[in-house]
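J.: below are the sequence and a predicted model for it; my questions follow.
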Amino acid sequence: MKLLKNIFQYFLIAVFLSACILIIMGGGFGERKKENDLVISSEPPLLFAHRGMINYFPENSMEGIAGAKSVGFNAIEIDIRKSKDGEYILFHDDSASRLLGINKLVEQLTLQELKQSNILFNGKKTTSKVVSLNEVLENHKNDFIIYLDMKIASKEDADIIARIIDQYDIYNSTIVADANFIFIGYLEYFYPRINTAIEGFTPEKEWTYKFLPKKFKPDYISGFAGMIDSAHVSWLRKNNLLDKRIIYGVNSENIDRIINLEIKKVIVDYDSSMTILMR
């Protein structure tokens with residue numbers, strides 16, 4: 001019994017010391033001042049096309065991205081995974097079944113193998129192919145602010161994505177997003193020029209924000225539309241975070257409510273019935 005008590009005490013001491021080290025490394029608590037704001041070419045709200053034009057074209061396809069550009073979007077949200085041969089691709093699911101009809105994990109297929117199948121849209125085969133992140137940036141890096149919804153979150157992935165952002169010099173037109181605080185904190189600490197967003201940030205997590213050390217704090221907080229109400233907006237305003245709030249899960253049925261709450265960055269499933277005009 002005494003041994004267990006001693007082990008528990010040593011454990012608590014180790015946790016406390018680790019927390020102190022992280023706080024010191026992170027520059028203490030409070031707000032972090034950065035000069036890497038997004039270059040926004042229009043007045044708010046900033047609307048991100050969710051996976052491209054998801055209601056009209058296959059998701060995460062070049063056709064969907066081109067469609068978003070054609071209707072006036074100046075921002076897009078795309079999902080990022082990695083193929084077997086280490087290529088970063090636009091793909092939401094971990095399995096290739098729903099979108100390609102292949103009963104394998106995406107990570108088990110090379111980019112060439114993924115491109116051999118056409119993407120399905122509403123269960124039907126299209127002419128669209130899986131595309132790499134490099135292909136998108138080669139063609140559209142100057143067309144959009146790009147929200148990279150990372151579906152992989154290792155240290156290696158953080159380092160490579162940082163190199164890609166540097167290679168294309170898109171620091172002021174990209175947001176790297178993930179629900180993993182360690183992944184986002186790593187990017188913030190070692191690559192502070194990169195814009196980051198922590199996903200899954202609900203009103204219940206408001207209390208956690210002030211306890212994040214400065215150098216680990218994300219630039220944006222992202223979360224689902226259904227969790228947002230006037231009380232949360234009041235908290236955002238009080239903490240000067242209203243402009244840093246990104247909302248997803250938005251469509252023609254709830255976009256007016258979200259915009260009326262003064263949320264200025266919104267990821268939308270666009271359709272032509274929306275009352276908010278494209279800018």
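T.: Thanks, I have it. It should be emphasised that the depicted structure is a prediction, and the values quoted were computed from it without experimental measurement.
J.: who does the helix or strand where residue 247 lies pair up with?
T.: In this assignment (DSSP states H and E), residue 247 forms part of strand 245-250. Taking DSSP bridges as the criterion, strand 245-250 sits next to strand 220-224 (parallel), strand 265-268 (parallel) in its sheet.
J.: tabulate the ones you listed (TSV), appending distance to residue 111 and mean pLDDT.
T.: For the C-beta atoms, the positions are set from N, CA and C on the backbone; glycine is no exception. Conversion of the strands paired with strand 245-250 to TSV gives the following (distance: least, Cβ to Cβ, whole Å; pLDDT from 0 to 100):
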stretch	distance to residue 111	mean pLDDT
strand 220-224	28	95
strand 265-268	26	96
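J.: tell me which of the ones you listed sits most buried.
T.: strand 265-268 (a mean of 24; mean count of other Cβ atoms under 10 Å).
J.: pull out the buried residues from stretch 38-56.
T.: By 16 or more other Cβ atoms under 10 Å, the buried positions in stretch 38-56 come out as 38, 45, 46, 47, 48, 49, 50, 51, 52, 53, 54, 55.
J.: repeat for stretch 114-133
T.: Taking 16+ other Cβ under 10 Å as the neighbour-count basis, stretch 114-133 is seen to contain the buried residues 114-115, 117-121, 128-133.
J.: same deal with stretch 249-261?
T.: Neighbour-count burial for stretch 249-261 [16+ other Cβ under 10 Å]: 249, 250, 251, 252, 254, 255, 258, 259, 261.
J.: what's the closest of the residues you listed to residue 239?
T.: For residue 239, the closest of the buried residues of stretch 249-261 turns out to be residue 261, at 15.5 Å, with distances computed as Cβ to Cβ.
J.: what does stretch 105-117 contact?
T.: 81-85, 87, 89, 91, 93-96, 100-102, 129-130, 132 (Cβ atoms under 8 Å, 6 or more residues apart in numbering).
J.: give the ChimeraX command for selecting the buried subset of those.
T.: Buried residues within the contacts of stretch 105-117, as defined by 16+ other Cβ under 10 Å, are selected in ChimeraX through the command that follows:
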select :81,82,83,84,87,89,91,96,100,102,129,130,132
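J.: among the contacts of stretch 105-117, which lie within strands?
T.: When these are checked against strands using DSSP state E, the ones located there are 81, 82, 89.
J.: quick check: the second one touching residue 154?
T.: Yep, that's residue 82 we're talking about. No. With contacts counted by Cβ atoms under 8 Å, residue 82 stays clear of residue 154, the gap being 9.3 Å.
J.: ok, back up a step: what about the strands paired with strand 245-250, which gets the closest to residue 242?
T.: When these are ranked by proximity to residue 242, the top entry is strand 265-268, at 9.7 Å, counting by Cβ to Cβ.
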